[in-house]
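> sequence first, then the predicted structure:
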Amino acid sequence: MRGCCPYMLGGPFMQPKLDPFTTLLELKSGALDPERGTPQVRTQEDLRGFFQVAPEDPDRVVYQVLPMPVPKENSEIQCSTTIIEPGTVGDEYYMTKGHFHAVRDRSEIYLGLSGEGRLILATEDGRYRVEPIREGTINYVPGGWAHRSVNVGDDPLVFFAAYVGDAGQDYATIERDGFPVLIGPGDDGPAVRENPTYPS
Ligand code: PAN
Ligand code: ZN
């Protein structure tokens, strides 16, 4: 028999849709070599409406996502690295927009690579959790939990994400409601406070 493992005994054989590929992930910086897609760059201006206050330095880069594009189908696994710069806007640390998955029950895994961060997770009925992200952490993001990562340190926060291919991202709900809590500098390090504009 040629190859191994017939898809079903007696055929038909599954015809793969993609060829295998390998990319080097530079563990500290999150850089991919070779790059596989166009980096997605988010500036303070791009996050207008996500921070509590207007951008202070609109062109400044807040974060980048380096993608490894595969078809957005549930048979595939999307993955990317995210690099969030250190900084603040108003009382909030630099963070991602955050989203629910458009297909709400799709889950995701984050692997922390470097820096010091927090992952805010929230359900549509307002429950929330705050989890750490740093080198070696694995955050499991179950379906139904919106997620936003926040850089609470002085260096870039870098993590790798892998998620169900057809998950999609719903940013509009977060742009409208935000998350139940905000994270910014406090007297003794990062402080989590209630979001005064979160709908009750
Ligand atoms: C991540 C995020 C990435 C950027 O890959 O997309 O960290 O955050 P925003 O998408 O909220 O701007 C992920 O959770 N994908 O589903
Ligand atoms: Zn996600």
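Looks like it arrived, so ask away. Ligands and ions are numbered 1, 2, ... in the order given.

> ligand 1 contacts on the protein?
For the chain, the residues in contact with ligand 1 (CB under 6 Å from any ligand atom) are 65, 80, 82, 96-99, 108, 147, 149, 161, 163, 167, 169. All C-beta atoms are positioned from the backbone trio N, CA, C, and that covers glycine.

> ok, then the element right after the strand or helix carrying residue 185?
Assigned by DSSP states H and E, residue 185 belongs to strand 181-186. Using DSSP H and E, the helix or strand that directly follows strand 181-186 along the chain is strand 189-194.

> now that following strand against strand 181-186, angle please.
150 degrees (axes from the mean of the first three to the mean of the last three CA atoms, to 10 degrees).

> can you list the weak-confidence ranges in this protein?
1-10 (pLDDT under 70).

> among the residues of the chain next to ligand 1, name the buried ones.
Neighbour-count burial (16 or more other CB atoms under 10 Å) is assigned, among the residues of the chain next to ligand 1, to 65, 80, 82, 96-99, 108, 147, 149, 161, 163, 167.

> dump these into CSV; add distance to residue 137 and secondary structure as well.
Output for those, formatted as CSV (distance: CB to CB, whole Å; DSSP: H, G, I helix; E, B strand; the rest coil):
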residue, distance to residue 137, secondary structure
65, 19, strand
80, 17, strand
82, 14, strand
96, 16, coil
97, 21, coil
98, 18, coil
99, 20, strand
108, 14, strand
147, 14, strand
149, 11, strand
161, 12, strand
163, 16, strand
167, 21, coil
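
> same list (these) but as JSON lines, adding distance to residue 174.
Below are those laid out as JSON lines (distance: CB to CB, whole Å):
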{"residue": "65", "distance to residue 174": "16"}
{"residue": "80", "distance to residue 174": "18"}
{"residue": "82", "distance to residue 174": "16"}
{"residue": "96", "distance to residue 174": "10"}
{"residue": "97", "distance to residue 174": "6"}
{"residue": "98", "distance to residue 174": "5"}
{"residue": "99", "distance to residue 174": "6"}
{"residue": "108", "distance to residue 174": "15"}
{"residue": "147", "distance to residue 174": "10"}
{"residue": "149", "distance to residue 174": "13"}
{"residue": "161", "distance to residue 174": "17"}
{"residue": "163", "distance to residue 174": "17"}
{"residue": "167", "distance to residue 174": "15"}
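
> if we only consider those, which is nearest to residue 21?
residue 80 (14.4 Å; CB to CB).

> which residues are in contact with that closest one?
65, 66, 67, 68, 160, 161 (CB atoms under 8 Å, 6 or more residues apart in numbering).

> if we go to 6 Å?
The contact partners of residue 80, taken as CB atoms under 6 Å, 6 or more residues apart in numbering, are 65, 66, 67, 161.

> give the contact list for the second one.
If I follow you right, that is residue 66. 32, 39, 80, 81.

> over to the last one?
For residue 161, the contact set (CB under 6 Å, 6+ apart) comprises 80, 110.

> who does it form a beta bridge with?
Counting by DSSP bridges, residue 161 forms beta bridges with residue 80, residue 110.

> and for residue 122?
Residues in beta-bridge contact with residue 122 (DSSP bridges): residue 128, residue 146.
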